[in-house]
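*Asks:* no sequence for this one, just the structure:
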């Protein structure tokens, strides 16, 4: 019986290790492999609405570009990147995007799950 217990435990550990390298979605903690700016949260991101200006967005979301930077004028701001697990696993990661029109107003926001 001890042999079966040891074998079963080893088998479960092996499956968990293999699963952690598959870019799978981890529902218990979806952000496990996501790196976000310090202080960024999905709740703050959800406060962004159509028509808000870049300045209003920057006041809500930490990690927004500085007003004088070249990135400030881009029509798309992205928050989040891969690598939150520090190489011990490779699961899906989540990115948050904000699209601006030529006048600098929000026209769309999106939350994307990347499986790459």
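*Replies:* Sure thing, it's come through. For clarity, every value in this text was computed on a predicted model and none was experimentally measured. Residues are numbered from 1 along each chain as shown.
*Asks:* list the contacts of residue 60.
*Replies:* Counting by CB atoms under 8 Å, 6 or more residues apart in numbering, residue 60 touches 44, 47-48. For the C-beta atoms, the positions are set from N, CA and C on the backbone; glycine is no exception.
*Asks:* give me that answer again for 6 Å
*Replies:* 44, 47 (CB atoms under 6 Å, 6 or more residues apart in numbering).
*Asks:* any idea how far it is from residue 108?
*Replies:* Per CB to CB, to the nearest Å, residue 60 is found 16 Å from residue 108.
*Asks:* ok, residue 84 to residue 47 distance?
*Replies:* In terms of CB to CB, residue 84 sits 23 Å off from residue 47.
*Asks:* more neighbours, the two?
*Replies:* More neighbours surround residue 84 than the other of residue 84 and residue 47, with 17 against 12 (other CB atoms under 10 Å).
*Asks:* quickly find the element holding that one.
*Replies:* Counting by DSSP states H and E, there is no helix or strand that carries residue 84.
*Asks:* would you check that it makes contact with residue 35?
*Replies:* Yes - if you go by CB atoms under 6 Å, residue 84 and residue 35 touch, sitting 4.8 Å apart.
*Asks:* skipping adjacent residues, who's closest to the spatially most central residue of the chain in space?
*Replies:* Taking CA atoms, centre = their mean, the centroid of the chain lies closest to residue 94, which sits 2.9 Å from it. Distances taken as CB to CB, 6 or more residues apart in numbering put residue 34 closest to residue 94, at 4.8 Å, once the chain neighbours are dropped.
*Asks:* enumerate every residue touching the one you found.
*Replies:* 80, 84, 93-94.
*Asks:* which residues does residue 93 bridge with?
*Replies:* Note on residue 93: beta-bridge partners by DSSP bridges are residue 114.
*Asks:* would you confirm that it contacts residue 82?
*Replies:* Yes - contact criterion CB under 6 Å: residue 93 and residue 82 qualify, at 4.5 Å.
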